Each structure stands twice: as C-alpha cells, then as structure tokens.
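> need a 3D model of the following:
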Amino acid sequence: MMFNPKEVSNGLLSVNASLDYDWDSFCDGVNFPTPFMQTVLLKTTFPNAYRYFWIENSRVRAAIMLPGEESKEGIPSFSVFHSIGLSNKGSNQNSEWGVADKSNFLQQVIVELSRRHHDFELSLSPEFQDVRPFLWHNFDQGKDEFIIFPRYTAIKNLENFTYEIDLFNSMNKNRQRVYKKVDSMGLRLIESVDIEDFLDLYTETFAQQDINIDSKTKDKVQSILEIISGGNGMLLGAADSHGKLQSALAIVTSGKTAYSLFIVNSSSGREIGALTWLIFKALIFTKKLEFSFFDFVGSNTLGRGNFKLSFGADLRLYFEVKYRRL
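The predicted structure follows:
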C-alpha cells in the first residue's frame, strides 16, 4: 500500500484518484476479483463512482464501489457484480472469511454507507449468499429501506475438461447438434475483431430486437471495447468463408476468470447458429490461456439464460441491493 491505513483505524476511507494504484492492487488480490472494479473500466463505466476502503484494526479488509445515479447515463445493459471485494483473509488473518465474518462486515458497512448516502446500489458477488443484514436493517428501522433483487449468472468451469471432446460432451444434446452442423460450414475464428466491425454487429443485434442504440451508449461501448482490446481481454469473432463477421464476443478478463461482456450476432449468423460455434471456440481459447472460469455475465431470462447453461455452465445466484433512505 502506498498510503498508510493506520490513518483510519476502523471504518470507511474514501478513495480518490491519488489512490488508484492502491485500489487496483487491492482489487487484484481479493477473494472474487472482478474487472468491473478496476480503475481502467470504472473510469469509463462509472466515472463518478464512490469508492471506499473498509479498514479494520488499521488493515484494509475490503474495497467498496457505489456507481452513483449520475454515473449511469449511457451505460450499456449488462449484469455484473462489481460492488464489494473482500481481502483473501477473514477477520482472523490466518483463516478465510466465514459466514459470520461476512454478516458482521455487512452489518457494519451498511450502517456507515446509509449515513453517507441517501440512496445507493450494491451488486454483490456470488460469495455473498447471506443477505440477512439488509433484512435486519429493515426490521430494525421499521422501514423497507433495502430492496433485494436475486440475480443469476452462468459460469463454466474450464478446469472440468481437458480435450475438445470433453467440452462437447458437457453440452446438452441440442447444443451438440447445432455445433456439429455449424462446424461443417467452414467458419473461421477471428482472434482480434476490428472495433468498428464489432460496433456494427452490436447495433445490428439490438436492431433485431427493435431496440435503437443511442449515441451515448454506442460511445460508451466503443470505449469499453478499446479498453478490452488494449490488453484487458479479447474480441473474438466467427467469420464465414467470405470473410463476413457473423458473431462476436467481447471478453474482459480478471484473475482466473474470463467474462463474456457483450455477445453479438448478425441476422444470418443467428439463423445458422454461429454463436454456438463461437462460444465453443471461445471456451477452448480461454482455457488455453489458462483461465479457470468463463462467466457468461448474466443468465436472468429463461431463453438466453438457458442458452448459456446449455454449454454445461453452472447457474450461480447473486444479489443486487438498492437502498433508499425513508
């Protein structure tokens, strides 16, 4: 740490730009690292976010990020957990965080946050399965100040297969059938998709759903794609024999996990099932780069969610929490 946490023996310490290095260093080593708390992405997605270190006994125990309402304009739609990162040791420095450790931590944190903010949101990683502290706060206050939303993502454990045939066999029968059909069409894996081509496919994907992408959202997506292609992930694509891009993935990486942030598809790619082929290749590609997990970033709708699960991914529950002082 470049700063001295002993300046605050216990409680919240506000993090400003001068502590970016300390923030990123801590977030790299948390229990459940997520790229969405890293400064390089935060400055694009939530430029006005509030950041705090939680200090216990003069040690940094957690990093906390609140997006802030004014930060959200032009944010593309994706479902991520990005609010709290815990140090890799529990209250006892020689042990992991237990259920009681996390509950006590949340109880203290929400008291401090609710004193500082009239409203805020938290998107908790799957390591937080106990949301009783928020329920207890509501009971204690006699008001439903915290509203809890269950959310889901799909995570594929890349360590569960060694060969391509193992991955193939882990998919459900329908996904196997589609992959075999598309694999015979001669698609080619693009390991570095051009950003403009990706943006065109992004716009086309939403147009198929009669959704118009405004200029602010498109600019924000472009900034995120530039960050990813600048060494923070990869832009993978599936091109046909004529070189036309049919499907593409924007994957951002952190720790041992690859996060599939944007999934885009042309109308023709959708018809032939190009995305099935591309995701299969992406799982192999990220495994070869020694990532252990592939997070599909959201599995909340039955249709698209079940599509992601059909690759043999596990459904993981996490929680989003909204606070409003009443």
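
> contact partners of the helix or strand of the chain with the lowest mean pLDDT?
The weakest-scoring helix or strand in the chain, judged by mean pLDDT, DSSP states H and E, is helix 39-45 (a mean of 89). Residues from elsewhere that reach helix 39-45, judged by C-beta atoms under 8 Å, 6 or more residues apart in numbering: 20, 23-24, 35-36, 49, 51, 65, 71, 75, 220, 223-224, 227, 232, 252. Just so you know, the C-beta spots here come from the backbone N, C-alpha and C atoms, and that holds for glycine as well.

> tell me where the stretch 201-326 of the chain has helices.
215-227, 267-272, 274-288, 302-309 (DSSP state H, counting those that start in this stretch).

> need the ones you listed in CSV with distance to S58 and mean neighbour count, can you?
Listed next are the helices of the stretch 201-326 of the chain as CSV, based on distance: least, C-beta to C-beta, whole Å; neighbours: other C-beta atoms under 10 Å:
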stretch, distance to S58, mean neighbour count
helix 215-227, 34, 17
helix 267-272, 55, 16
helix 274-288, 39, 22
helix 302-309, 43, 15
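
> with respect to R177, which of those helices lies nearest?
Closest to R177 of the helices of the stretch 201-326 of the chain, according to C-beta to C-beta: helix 274-288, at 9.4 Å.

> what's the angle between that closest one and helix 302-309?
40 degrees (axes from the mean of the first three to the mean of the last three C-alpha atoms, to 10 degrees).

> so what touches helix 274-288?
Residues contacting helix 274-288 (C-beta under 8 Å, 6+ apart): 156, 158, 161, 164, 167-168, 171, 175, 178-179, 182-183, 187, 189, 191, 234, 236-238, 240, 246-249, 251, 258, 260, 263, 265-266, 269, 294, 311.

> ranges for the strands of this protein?
All strands of the chain, identified by DSSP state E, fall at 11-14, 50-56, 59-66, 84-86, 119-124, 146-157, 188-190, 233-239, 245-254, 257-265, 293-295, 314-324.

> before we move on, the earlier item: mind checking which of the helices of the stretch 201-326 of the chain is nearest N57?
helix 215-227 (35.7 Å).

> and the closest one, how far from the chain's centre?
17 Å (C-alpha atoms, centre = their mean, to the nearest Å).

> can I have the top helix by length along the chain written out in CSV, keeping just the CAs?
Longest helix in the chain by number of residues (criterion: DSSP state H): helix 99-116. Extracted C-alpha coordinates of helix 99-116, given in CSV (Å, rounded to 0.1, in the frame of the first residue of the first chain):
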residue,chain,number,x,y,z
VAL,A,99,-20.4,-16.7,7.1
ALA,A,100,-20.4,-14.8,10.4
ASP,A,101,-17.4,-12.7,9.3
LYS,A,102,-19.3,-11.6,6.1
SER,A,103,-22.5,-10.9,8.0
ASN,A,104,-20.8,-8.8,10.7
PHE,A,105,-18.9,-7.0,7.9
LEU,A,106,-22.1,-6.2,6.0
GLN,A,107,-23.9,-5.1,9.2
GLN,A,108,-21.2,-2.5,9.9
VAL,A,109,-20.8,-1.4,6.3
ILE,A,110,-24.4,-0.7,5.6
VAL,A,111,-24.7,1.5,8.7
GLU,A,112,-21.8,3.6,7.5
LEU,A,113,-23.0,3.8,3.9
SER,A,114,-26.5,4.7,4.9
ARG,A,115,-25.2,7.6,7.0
ARG,A,116,-23.2,9.0,4.0
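
> heads up, I number from 248, so please use that
In the new numbering, first residue 248, that becomes helix 346-363.

> mind giving me the packing neighbours of that helix?
strand 258-261, strand 306-313, strand 331-333, helix 379-388, strand 561-571 (3 or more C-beta pairs under 8 Å, 6 or more residues apart in numbering; DSSP states H and E).

> so how far is the third one off the chain centroid?
Spelled out, that is strand 331-333. 13 Å.

> next one: stretch 291-310
With C-alpha atoms, centre = their mean, you get 18 Å for stretch 291-310.

> so for it, what gets flagged as buried?
291-293, 296-303, 306-310 (16 or more other C-beta atoms under 10 Å).

> got it, and stretch 498-516?
Residues of stretch 498-516 classed as buried by neighbour count (16+ other C-beta under 10 Å): 498-502, 504-513, 516.
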